[in-house]
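*Asks:* The following comprises the amino acid sequence and a computationally predicted model.
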Amino acid sequence: MPPVVVRVDASVQGPLAHPRGRPLVARIGTSFRTLSPRPLPYGQFADPVFLLDYTAALRWSVVEIAVDVLNVTNRRWAATELVYVSQWDPSAVPSRIPARHIMAGAPLTVLFTLGLHLGAKS
């Protein structure tokens, strides 16, 4: 677990127009996350992580379309880092030296959403 986690979210929304007497509402936002170096076994530390996300949406009546862009900078990062002794080649002499293993974090990801706000009044 990183000793310091910082997350900042900011968004703004408001009506753009009123087609057919109902507001067309736009929403845009951004998110910044950072994780400090995480302590690992054997005196090692994971690299710090800095991630930036964007979101935008339009809503009219009960229908909303949105796009979310995650990891905007397409930064390569390790979601999980572990240090342990491992052996991938059974025919080789076993090593007792611990090695770093990672599970890669998500790359640049673009998500589109079509949503219905049931029971909502607009």
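*Replies:* Ah, there it is.
*Asks:* Give the bridge partners for the residue nearest the centre of the chain, please.
*Replies:* Nearest to the mean C-alpha position of the chain, by C-alpha atoms, centre = their mean, lies Leu70 at 5.2 Å. Counting by DSSP bridges, Leu70 is bridged to Thr109.
*Asks:* Next up, the contacts around the closest residue to Val6 other than its chain neighbours.
*Replies:* Excluding the flanking residues, the one nearest Val6 by C-beta to C-beta, 6 or more residues apart in numbering is Thr34, at 4.8 Å. C-beta here means a position set from N, CA and C on the backbone, and glycine is covered the same way. Contacts were defined as C-beta atoms under 8 Å, 6 or more residues apart in numbering; by that measure Thr34 touches Val4, Val5, Val6, Arg7, Pro48, Val49, Phe50, Leu51.
*Asks:* And the third one, how far from Ala66?
*Replies:* Same thing as Val6. For Val6, the distance to Ala66 equals 25 Å [C-beta to C-beta, to the nearest Å].
*Asks:* The two: which is more packed in?
*Replies:* The residue with more neighbours, out of Val6 and Ala66, is Ala66; 15 against 11, by other C-beta atoms under 10 Å.
*Asks:* buried sites along the one helix or strand the more buried one maps to?
*Replies:* If you go by DSSP states H and E, Ala66 is part of strand 63-70. Applying a neighbour-count criterion of 16 or more other C-beta atoms under 10 Å, one finds Glu64, Asp68, Leu70 buried in strand 63-70.
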